[in-house]
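Q: next one to model:
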Amino acid sequence: MNLNFKTFISLNKSILKNIADLDKSLINLGIIKIVFSVIYPLLLSIIPKVIIDSIENQVGITKLIIRIVIISVLMAGIAWINPSIHEKIAAQSEKLRINHQTDLLTNLLICNYEKLSNRNTYEKAKHFVGDSGKSPVFEYAFVISDWIASIIGLLSCLVILSTNSSILLLVFICSVIVEYFFNKKQYSNKLKMKKNMFLPNIKSDYIFRKALTTNFIRDAVVFDTTDIVKSKSIKYSRQISNELKRYNSVDSKLDILKILFIFSRDLIICLVVIQNIFIGKQNVSDFVLYFGLISVMTKWVGTYYASQSDLTYICSSYNDYQNFNENILSSQLLCENIEFSEIEKIELRKVSYKYGNNLALKDVNLLIRNNQKIAIVGKNGSGKSTLANILCGLFQPVSGQVFINGKEITYDEYSSIINEKISVVFQKDELLPEALYSNISFEEFYNNDKLTNSLNKTHMLKKVRELNNGVNTMLNSSINYDAPDFSGGETQRLLMSRCFYKNTKINLFDEPTASLDVKAENFVYKSIIEDNVLSIIISHRIANIIDSDIIIVMNDGEIVEIGTHNDLIKNKGIYYEMYEIQRKLFKS
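A: Next up, the predicted model:
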């Protein structure tokens, strides 16, 4: 993202204000870092001049020793303070990163679910607060300190030079400008390299990481894909190698030009200073001073451009983070105080939903009542999951009306109400790296009877009791390496236990038994049917939903059939076709 100067300054002010509101000590540390970053290299340039002048002026051995001691103590102190300040800034920057990360997480947990459908904007926001020690927000204090220090340092050098020779001042100004453009060209070349290497690096790294897994090696052997995988890896390595070769070629040419420029500059300065010494305008110590300042200014020009580029990148990342959060906050649900002690019925009238320009639901009319067992079936892409997300309050329809107990309410109000009344089990979910009981109850102090009952309903009670630590067993083997390695079906049943533990009056199951064997599947469905609540089941397996009170058949975003199993069999429509296909498969 290219930021104009006004936006660049505005974003920096916003970040600094944010830092000041959280902890002003980080700003104070940054100021201290700037001061010492400027003073230290200037002292390194000025000190030799001071010592040479002292010797030439014959100040006396005692005074000379005192000056040298003072200078040594001062330099040692600064050299000790700099790394100490760096560590303190790192600690405060990590605190800042965690604070921003917590803010993002908090907003995500209360946001409209649909806001996360744009993965690109979410990933950009997440990047700003990403990994510890690497994220833009962590780097900010270091980068802006370097940027400001380089500006102050360059100005300080010019001030020192302006008091001596106008010719040298002009040479230095021209030198700064030329070096700036050299750095700009080199950075542009580096940026091009990173861009061209981005995808080959990702692909090469992906193949390497996958090749380290047993499943990948197994498939490579079974399908005889070893040569193909190897050739792909070589292909990406060559792309990376060729790009590095191109980058090094361009960079080497720039380095040669830069060396020639620096040699010419240094030669001019050398000749001017020597001439001034011979005619008595300058002292020998000035010769040492100027070459010290040349080195410092070259360093600061490089620092300025590097930090300017990094700062622009950080501000751009912060802008993405800020926009995402503001977008989330603007969409938080603002509802009237509407409460329903019991939900007797939910009705959708002419409800439609779009993914982009594609109509996923078309004028859906649906009435469901308390304690009913509702099944939703249909082919892939028929709109089943979209309808489920609307019933859960996750997706907002583009048109239509929603009623609870016969009262029309806004969809924002519906989402707020239904969240407390419904439990949902989706096809894919994650186990937290916490204790088993915490994964089911989401409580610090769980109800043992409720936990036992929920595990029993999903046929997991015996398995959990066999674990060494029972319900206190830590889960998620990718984090807790001694965690039990549950099968896909066992994981799914644990996730379903959450639903029974929450003990709501509405349960929605999206393909809840896809990973279960026939025996476990039958046991779980028996628990669902016997539960005296409104249960909505999305399933491909008709054998499991035959006893449902209402079966909804969807096709191409519409409800095309609705009724009991016997009614739909008599109609001999889509449901009948699905039933016959599955019946013949089971029979065979």
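Q: contacting residues for the spatially closest residue to Lys354 that is not a sequence neighbour?
A: Leaving out its chain neighbours, the residue that sits closest to Lys354 by CB to CB, 6 or more residues apart in numbering is Val398, at 5.2 Å. Bear in mind the C-beta positions are built from the backbone N, C-alpha and C, glycine included. Val398 sits next to Ser352, Tyr353, Lys354 when contact means CB atoms under 8 Å, 6 or more residues apart in numbering.
Q: so what does the helix or strand containing the first one touch, helix or strand wise?
A: Element membership of Ser352, judged by DSSP states H and E, is strand 345-355. Contact here means 3 or more CB pairs under 8 Å, 6 or more residues apart in numbering; DSSP states H and E; on that basis strand 345-355 packs against strand 358-369, helix 384-391, strand 399-404.
Q: and which of the contacts of Val398 is nearest Val35?
A: Of all those, Val35 sits closest to Lys354, with 57.4 Å by CB to CB.
Q: verify the contact between the closest one and Thr386 for me.
A: No. Counting by CB atoms under 8 Å, Lys354 stays clear of Thr386, with 9.8 Å between them.
Q: between these two, which contacts overlap?
A: When contacts are counted by CB under 8 Å, 6+ apart, Lys354 and Thr386 have Ala360 as shared neighbours.
Q: neighbour count: these two, which is higher?
A: Counted by other CB atoms under 10 Å, Lys354 and Thr386 do not tie: Thr386 has more neighbours, with 21 against 16.
Q: model confidence for the closest residue to the more buried one other than its chain neighbours, exactly?
A: Nearest residue to Thr386 in three dimensions, chain neighbours excluded: Ala360, at 4.7 Å (CB to CB, 6+ apart). The predicted structure scores Ala360 at 88 on the pLDDT scale.
Q: can you check the one 3 residues further on too?
A: Among the per-residue scores, Asp363 holds a pLDDT of 91.
Q: spatially nearest residue to it (excluding sequence neighbours)?
A: Lys350 (4.6 Å).
Q: quick one: the strand holding Ser352 to chain centroid distance?
A: For strand 345-355, the distance from its own C-alpha centre to the chain's C-alpha centre is 33 Å (CA atoms, centre = their mean, to the nearest Å).
Q: for the residue lying closest to Ile277 once chain neighbours are set aside, list the residues it contacts.
A: In space, and not counting its chain neighbours, Ile277 is closest to Val284: 6.1 Å by CB to CB, 6+ apart. Applying CB under 8 Å, 6+ apart, one finds that Val284 lies in contact with Ile52, Glu56, Ile277.
Q: what packs against the helix ranked longest in the chain?
A: Across the chain, the helix with the greatest residue count (assigned by DSSP state H) is helix 226-278. Based on contacts counted as 3+ CB pairs under 8 Å, 6+ apart, the elements that helix 226-278 packs against are helix 166-211, helix 284-330.
Q: out of these, nearest to His100?
A: Proximity to His100 (CB to CB) singles out helix 284-330 among those, at 7.3 Å.
Q: ok, residues contacting stretch 431-445?
A: Contact with stretch 431-445 is made by 446-447, 450-451, 454-455, 464, 467, 470-476, 478-480, 483, 486, 491, 494-495, 497-498, 501, as judged by CB under 8 Å, 6+ apart.
Q: and it, how far from the chain's centre?
A: 24 Å.
Q: in it, what counts as buried?
A: Under the neighbour-count criterion of 16 or more other CB atoms under 10 Å, stretch 431-445 has Leu431, Ala435, Leu436, Tyr437, Ser438, Asn439, Ile440, Ser441 buried.
Q: in TSV, list those along with secondary structure.
A: As requested, the buried residues of stretch 431-445 are exported to TSV (DSSP: H, G, I helix; E, B strand; the rest coil):
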residue	secondary structure
Leu431	coil
Ala435	strand
Leu436	helix
Tyr437	helix
Ser438	helix
Asn439	helix
Ile440	helix
Ser441	helix
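Q: okay, those in a markdown table with distance to Ile98 and pLDDT next?
A: As requested, the buried residues of stretch 431-445 are exported to a markdown table (distance: CB to CB, whole Å; pLDDT from 0 to 100):
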| residue | distance to Ile98 | pLDDT |
| --- | --- | --- |
| Leu431 | 24 | 80 |
| Ala435 | 23 | 91 |
| Leu436 | 27 | 92 |
| Tyr437 | 27 | 92 |
| Ser438 | 22 | 91 |
| Asn439 | 24 | 90 |
| Ile440 | 28 | 91 |
| Ser441 | 27 | 90 |
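Q: can you tell me which of the contacts of stretch 431-445 are classed as buried?
A: 446, 450-451, 454-455, 464, 471, 473-475, 483, 486, 491, 494-495, 497-498, 501.
Q: so for stretch 387-397, mean pLDDT?
A: Summarised as a single mean, pLDDT over stretch 387-397 is 85.
Q: end to end on it, go ahead and measure it.
A: Stretch 387-397 has an end-to-end distance of 10 Å (criterion: CA to CA, to the nearest Å).
Q: contacts for it?
A: For stretch 387-397, the surrounding residues in contact (CB under 8 Å, 6+ apart) are 112-114, 346, 348, 351-353, 361, 364, 366, 376, 386, 411-412, 414-419, 422, 424, 508, 510, 536, 538, 554.
Q: restricted to buried residues, select those residues in PyMOL.
A: The following PyMOL selection, which keeps only the buried ones among the contacts of stretch 387-397, applies the criterion 16+ other CB under 10 Å:
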select buried, resi 112+346+348+351+352+353+361+364+366+376+386+411+412+414+415+416+417+418+422+424+508+510+536+538+554
